[in-house]
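Enquirer: no sequence on this one, just coordinates:
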């Protein structure tokens, strides 16, 4: 194992980690806002990937161009999911936690079923995109262009989110609602509207990630399941409720995954991520940056 | 003194005897193998969910990683039988004990975690187990283990001619899981668990050893689930990591209890009686197309029940019982 290989895989791990952060941040945002874990988060990613694929297949729109469209579509979808399902789940008087888990899990199963029904279980891929398969070489380190752009998009998205939460009225309403949903009603903020917008924003972020992912990943109805667990671990590692914990969590997960892949057989690479999660929460039961 | 609670507990016991007796004669009239198969699965999932309910329902420690214990039970039995010729009965007890010990070993660090951190820890631990079995060549790795047929007897716990013995074992397992829950509900442990679930700090201050009671719940729950796993291995006679330790199994174990009524005596069985036949029937009648309609129906049912009856379906049938259990 040369220094070259190590740097190579750490660099790829870092890029992938930034994307993991982008996938997970929507989950962290929604949790921070209303203490709900969306168990259909992976399926949100899945439909974003399909949306990108079909925009490409039917209208020849490159994933880079369709990414904003997909994010916008996911925004609407997320808000609708809140209004139709989650709004009622959080009202449950009994077993609130389990009702949230299983109503969103039920949604995940329905979405997978719908994807199988309409799109068939076949594996799809976006062929001949602008970036697909291209790499750049920096000092002998080869970096795939889709992942590079993905990492740049992730950094930009986190920057935008930071600005959004701290500098806009809606961002402040979001912060206020997460602090005390009862009190914001008194100053005339509609709690349901903020929650719906929060779900929309969370879904839009995973939509952005899905559009980028579709450049270099196969697309099939169960694709979300493989990323959902990584997203939960990413969020928990950073600390539930901490949006920027998801950013740090993503980078850690990406680097740990790359390191594990160097040391263990490839099929065991996820073990490293899970082991690091356990180690972190055993030492810090609220994750690295968890506040509550 | 005959309290309402004591009376309702006695009534539960009588109802359980009657239901078990009715269940025992049903397969004498229902000869259809397909239907018998559904009945076996219903009882098995009912028993598994009942066992899951001890840790996650009564004690409030939501585990979505019980597939680990199910898989360990299945693998212990299958490995002992195929590699060393040990009878499945010993594998069943052995798998149960190993699972109980592992549950306590894992509980030691995990029970300090709260809420979603605990849930995710249970998921990733089961995933690690799954990946390890995937890469464990001696245990068949990803190909799994084919359990050879060595006879048709209760001694070898293999039945080739009829599904009835499996049915009666599954019925017995469901009865045992139910009875253990019934018995624990009114024991010191049962009260401790509910106290731990409602408010661990208050329970601790009143002298409940919170940590030990979580460990006890984990051990009982894991033991029973592993016995279910052993049974499943014999029943399907082929296991691989995905089919006994996949994340789906952890969710399937939780679902009947959640839909029927988490932390209630009858919830898991009621949930299984509704959920499993619906799942199996939709799978065979509309799922055959492979187009996911069964998933849509199944997922829709989960959403509908969890939103419409967050406290579970059990309240629809025994309104008084719920009050008594409080």
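Expert: Happy to help now that I have it. Computed from a predicted structure; not experimentally measured.

Enquirer: and the gap between residue A:214 and residue A:52?
Expert: 4 Å (CB to CB, to the nearest Å). (Each C-beta comes from the backbone N, C-alpha and C, glycine too.)

Enquirer: mind showing which ranges of the stretch 151-300 of chain B have poor pLDDT?
Expert: Scanning the stretch 151-300 of chain B for pLDDT under 70 picks out the ranges B:287-290.

Enquirer: for chain A, what are the nearby residues on it?
Expert: Within the stretch 151-300 of chain B, the positions near chain A by CB under 8 Å from any CB of the partner chain are B:247, B:251, B:254-255, B:258-259, B:262, B:290-300.

Enquirer: So which of those sit within strands?
Expert: Applying DSSP state E to those, no entry is found in strands.

Enquirer: What subset of those residues is buried?
Expert: B:247, B:251, B:254-255, B:258-259, B:262, B:291-299 (16 or more other CB atoms under 10 Å in any protein chain shown).

Enquirer: Between all of these, which two are separated the most?
Expert: Distances among these were taken as CB to CB; the most separated pair is B:262 and B:291, at 32.4 Å.

Enquirer: hmm, back to that, which ones among the residues of the stretch 151-300 of chain B next to chain A are found in helices?
Expert: Assigned to helices by DSSP state H, the following of those qualify: B:247, B:251, B:254-255, B:258-259, B:293-300.

Enquirer: burial count for residue A:3?
Expert: Neighbours of residue A:3 under the rule other CB atoms under 10 Å in any protein chain shown: 7.

Enquirer: er, residue A:160 actually
Expert: Count around residue A:160 with other CB under 10 Å applied: 11.

Enquirer: That one - that's part of a helix, no?
Expert: Yes. The assignment for residue A:160 (DSSP: H, G, I helix; E, B strand; the rest coil) places it in a helix.

Enquirer: Model confidence at it, what's the number?
Expert: For residue A:160, the model assigns a pLDDT of 91.

Enquirer: what do you get for the one 4 residues further on?
Expert: The predicted structure scores residue A:164 at 87 on the pLDDT scale.

Enquirer: so what's it up against?
Expert: Residues in contact with residue A:164 (CB atoms under 8 Å, 6 or more residues apart in numbering or on different chains) are A:170, A:171.

Enquirer: And it, how far from chain B?
Expert: 25 Å (CB to the nearest CB, to the nearest Å).

Enquirer: what about that residue, is that helix, strand or coil?
Expert: Under three-state DSSP, residue A:164 comes out as helix.

Enquirer: Repeat that for residue B:62.
Expert: The three-state assignment at residue B:62 reads coil, by three-state DSSP.

Enquirer: which residues does it contact?
Expert: Taking CB under 8 Å, 6+ apart, we find residue B:62 in contact with A:97, A:98, A:101, B:56, B:118, B:119, B:122, B:254.

Enquirer: quick one, phi psi at the closest residue to the first one other than its chain neighbours?
Expert: With CB to CB, 6 or more residues apart in numbering or on different chains as the measure, residue B:62 is the residue that lies nearest to residue A:97, at 6.9 Å, once sequence neighbours are left out. Main-chain torsions, residue B:62, degrees, to the nearest 10: phi -70, psi 110.

Enquirer: Likewise for residue B:163?
Expert: Per-residue torsions, residue B:163: phi -90, psi -10 (degrees, to the nearest 10).

Enquirer: Please look at it and residue B:33 and confirm they touch.
Expert: Yes. With contacts counted by CB atoms under 8 Å, residue B:163 reaches residue B:33, the gap being 6.1 Å.

Enquirer: More neighbours: the two, which one.
Expert: Set residue B:163 next to residue B:33 and count neighbours by other CB under 10 Å: residue B:163 wins out with 18 against 10.

Enquirer: now the helices for chain A?
Expert: Ranges of helices within chain A are A:3-34, A:41-59, A:63-81, A:87-89, A:96-119, A:145-167, A:169-179, A:181-186, A:191-216, A:223-238, A:243-263, A:269-283, based on DSSP H.

Enquirer: now stretch B:60-80: how far from the chain's centre is it?
Expert: Taking CA atoms, centre = their mean, to the nearest Å, the mean C-alpha location of stretch B:60-80 is offset from the chain mean by 10 Å.

Enquirer: One more: stretch A:104-113?
Expert: Mean-position distance between stretch A:104-113 and its chain equals 17 Å (CA atoms, centre = their mean).

Enquirer: burial measure for residue 174, as a count.
Expert: Unless you meant another one, I'm taking chain A. So residue A:174, with other CB under 10 Å, has 23 neighbours.

Enquirer: please go with chain B instead
Expert: If you count neighbours by other CB under 10 Å, residue B:174 ends up with 27.

Enquirer: Next: residue B:265.
Expert: For residue B:265, using other CB under 10 Å, the count is 25.

Enquirer: Phi, psi for the most centrally placed residue in chain B please.
Expert: In chain B, the residue lying closest to the centroid (CA atoms, centre = their mean) is residue B:48, at 1.1 Å. Main-chain torsions, residue B:48, degrees, to the nearest 10: phi -60, psi -40.

Enquirer: Just to check, it is in contact with residue B:227?
Expert: No. Counting by CB under 8 Å, residue B:48 sits too far from residue B:227 to count as a contact (9.5 Å).

Enquirer: Report pLDDT for the residue nearest to residue A:226 when sequence neighbours are not counted.
Expert: Counting by CB to CB, 6+ apart, residue A:226 lies nearest to residue A:42, which is 7.6 Å off, once chain neighbours are set aside. If you check residue A:42, the pLDDT there is 95.

Enquirer: could you list every residue that touches the closest residue to residue B:221 other than its chain neighbours?
Expert: Spatial nearest neighbour of residue B:221, excluding adjacent residues (CB to CB, 6+ apart): residue B:55 at 3.9 Å. Counting by CB under 8 Å, 6+ apart, residue B:55 makes contact with B:61, B:63, B:214, B:217, B:218, B:220, B:221, B:222.

Enquirer: ok, how many other residues are close to residue 279?
Expert: Went with chain A since none was named. 12.

Enquirer: wait, I meant chain B there
Expert: 22.

Enquirer: Then residue A:231?
Expert: Neighbour tally, residue A:231, other CB under 10 Å: 30.

Enquirer: ok, now how distant is residue B:124 from chain A?
Expert: Counting by CB to the nearest CB - residue B:124 and chain A are separated by 4 Å.

Enquirer: I misspoke; the intended subject was residue B:233.
Expert: 23 Å.

Enquirer: Present the ones in helices among the residues of the stretch 151-300 of chain B next to chain A as JSON lines; the columns should include distance to residue B:208.
Expert: Below are those laid out as JSON lines (distance: CB to CB, whole Å):
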{"residue": "B:247", "distance to residue B:208": "32"}
{"residue": "B:251", "distance to residue B:208": "30"}
{"residue": "B:254", "distance to residue B:208": "25"}
{"residue": "B:255", "distance to residue B:208": "29"}
{"residue": "B:258", "distance to residue B:208": "25"}
{"residue": "B:259", "distance to residue B:208": "30"}
{"residue": "B:293", "distance to residue B:208": "48"}
{"residue": "B:294", "distance to residue B:208": "44"}
{"residue": "B:295", "distance to residue B:208": "42"}
{"residue": "B:296", "distance to residue B:208": "45"}
{"residue": "B:297", "distance to residue B:208": "43"}
{"residue": "B:298", "distance to residue B:208": "39"}
{"residue": "B:299", "distance to residue B:208": "39"}
{"residue": "B:300", "distance to residue B:208": "41"}
